[in-house]
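> no FASTA, just this:
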């Protein structure tokens, strides 16, 4: 391998960057991951360095962030994640309704962040740093585009478009534009983001879990009892459509209540979620987003069938063979009840076969070693 260091920075959101870094090390590359702070869900907790602690006060956090700009001088290659530099501009909407001293403080901090953001970009160019970036969701997703172009969308995108929303969208577009000029490679973990990202953006499947740890387990459904254990694990109830999902579950209780159990997996520490997922037979991921997330990958890795809304128009950004292999039970609000009844009444053997297909899909399309090997070749790191 070439004798240089690659850094993954600045977020631990989803744990994807940390797994990529870990796999690069296994390929003999000097790879490191830094995150501003640990993720509350436990993902990315094994980053090589956390820049500050959540318990640090504001000034200590900012001082530690400033001195972390040294990363530019010691790494020839940087893979930014969550569509962010170390100094992502402070969103201006946060001070639009403030008054007096609070306005002055927020306005000054916003300008400070933007100046450091521009300095960071200039330093990266000056030192000819090889830059890559991955987008993961809300870092690129824009409300005005979603509300105008998607028939089924996240509830927050269906609500009225406010000045705050406009400022957020403009802020994201400006950052995307800067990365388009700065980055040699742009990646997206969700296909819907590619509607608003530069045309050269490449789709990158989730690769945040170790498949040697997340091993398939046979569906626990008892043939004699015929009780299907339906799970739903919302990190954000609004985003996942939890209220609507639970309404359908309540409706099913009157007709199939003796045939299934519903498990709401919520606020569970990440180190315990595997046990929680192993205790269910199928997973309802989400009914609005348009693509499955890291949660669905984890469930499929354990051999669990997954129900999820898949937006057909986004599939043009996904490899055709991956689309063909997709084992997800495509579901919208109108079909959720019907799909659940079909699974409740499905023969045990067919459920097990569907679970096996889910595991095989993850092994083929979400294997971190395969994905990172491809990244290394694309980034010319070998």
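Yep, that arrived. Since the structure is predicted, the reported quantities are computational estimates derived from the model, not experimental observations. Numbering: from 1, shown residues only.
> my guess is residue 285 contacts residue 292, does it?
Yes - using CB atoms under 8 Å, residue 285 makes contact with residue 292 at a distance of 5.4 Å. To be clear about C-beta, it is placed using only N, CA and C from the backbone, and glycine gets the same treatment.
> quick one, which of those two is more surrounded?
Set residue 285 next to residue 292 and count neighbours by other CB atoms under 10 Å: residue 285 wins out with 28 against 22.
> And the more buried one, how close does it get to residue 253?
Using CB to CB, to the nearest Å, residue 285 is found at 21 Å from residue 253.
> Ok, residue 62 next?
Using CB to CB, residue 62 is found at 52 Å from residue 253.
> Which one's more surrounded, the two?
residue 62 (16 against 11).
> Follow the chain on from the helix or strand harbouring the more buried one and name the next helix or strand.
Following DSSP states H and E, one finds residue 62 within helix 58-67. Later in the chain than helix 58-67, the nearest helix or strand by DSSP H and E is helix 71-74.
> could you say what helices and strands that next one packs with?
strand 5-9, helix 100-126 (3 or more CB pairs under 8 Å, 6 or more residues apart in numbering; DSSP states H and E).
> contact partners of the shortest one?
Right, strand 5-9. With contacts defined as CB atoms under 8 Å, 6 or more residues apart in numbering, strand 5-9 is touched by 17-18, 20-21, 24, 29-35, 71, 74-81, 86, 381.
> at 6 Å what do you get?
Defining contact as CB atoms under 6 Å, 6 or more residues apart in numbering, one finds that strand 5-9 is touched by 17, 21, 30-34, 71, 75, 77-79.
> what two of these are the furthest from one another?
Among the contacts of strand 5-9, the pair separated by the greatest distance (CB to CB) is 17 and 30, at 15.7 Å.
> Name the residue in those two with the higher neighbour count.
residue 17 (27 against 16).
> Look up how far residue 140 lies from that one.
Residue 17 is 16 Å from residue 140, by CB to CB.
> With residue 160 instead?
Counting by CB to CB - residue 160 and residue 140 are separated by 22 Å.
> the more surrounded of these two?
More crowded of residue 160 and residue 140, by other CB under 10 Å: residue 140, with 25 against 6.
> Excluding residues flanking it in the chain, which one is nearest that one?
Nearest residue to residue 140, sequence neighbours excluded (CB to CB, 6 or more residues apart in numbering): residue 193, at 4.4 Å.
> Count the neighbours of that neighbour for me.
By other CB under 10 Å, 25 other residues sit near residue 193.
> Isn't it up against residue 138?
No - in this structure residue 193 lies outside contact range of residue 138 using CB atoms under 6 Å: 9.6 Å.
> So, low pLDDT: which residues of the protein?
1-3, 39-44, 91-101, 218-225 (pLDDT under 70).
> What residue spans form the domains of it?
5-209+368-378, 228-365 (automatic domain parsing).
> Mind checking those for the one nearest to residue 217?
Comparing the domains of the chain by CB to CB, domain 228-365 comes nearest, at 5.3 Å.
> Pull out the buried positions in stretch 45-55.
Across stretch 45-55, burial judged by 16 or more other CB atoms under 10 Å covers 47, 50-52.
> With distance to residue 217 as added columns, please give the domains of the chain in CSV.
Converted to CSV, those look like this (distance: least, CB to CB, whole Å):
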stretch, distance to residue 217
domain 5-209+368-378, 14
domain 228-365, 5
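> Kindly state which of those is positioned closest to residue 216.
Of those, nearest to residue 216 by CB to CB is domain 228-365, at 3.7 Å.
> Could you report the neighbour count for residue 275?
Using other CB under 10 Å: residue 275 sits among 9 other residues.
> And residue 191, by the same measure?
Using other CB under 10 Å: residue 191 sits among 20 other residues.
> same deal with residue 131?
Counted with other CB under 10 Å, the neighbours of residue 131 add up to 19.
> Skipping its backbone neighbours, what lies nearest it in space?
Using CB to CB, 6+ apart, the closest residue to residue 131 is residue 183 (4.6 Å).
> follow-up on the earlier one: quick one: closest of the helices and strands packed on helix 71-74 to residue 298.
Nearest of these (CB to CB): strand 5-9, 20.7 Å.
> mind listing what that closest one pairs with, with the direction of each?
strand 30-35 (parallel), strand 77-80 (parallel) (DSSP bridges).
> So which bits of that strand are buried?
Per 16+ other CB under 10 Å, strand 5-9 contains these buried residues: 6-9.
> how about residue 234, secondary structure?
Assigned by DSSP: H, G, I helix; E, B strand; the rest coil, the conformation of residue 234 is coil.
> Surely it and residue 242 touch.
Yes - look at residue 234 against residue 242 with CB under 6 Å: they come within range, at 4.5 Å.
> hang on, the earlier thing: export the contacts of strand 5-9 to JSON lines and tack on distance to residue 154?
Below are the contacts of strand 5-9 laid out as JSON lines (distance: CB to CB, whole Å):
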{"residue": "17", "distance to residue 154": "24"}
{"residue": "21", "distance to residue 154": "30"}
{"residue": "30", "distance to residue 154": "39"}
{"residue": "31", "distance to residue 154": "33"}
{"residue": "32", "distance to residue 154": "34"}
{"residue": "33", "distance to residue 154": "29"}
{"residue": "34", "distance to residue 154": "30"}
{"residue": "71", "distance to residue 154": "33"}
{"residue": "75", "distance to residue 154": "35"}
{"residue": "77", "distance to residue 154": "34"}
{"residue": "78", "distance to residue 154": "30"}
{"residue": "79", "distance to residue 154": "27"}
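> Now the buried members of those.
17, 21, 30-34, 71, 75, 77-79.
> Strands of the protein, start to end?
In the chain, the segments counted as strands under DSSP state E are 5-9, 30-35, 49-50, 77-80, 130-135, 185-188, 202-203, 228-232, 260-264, 282-284, 306-308, 329-330.
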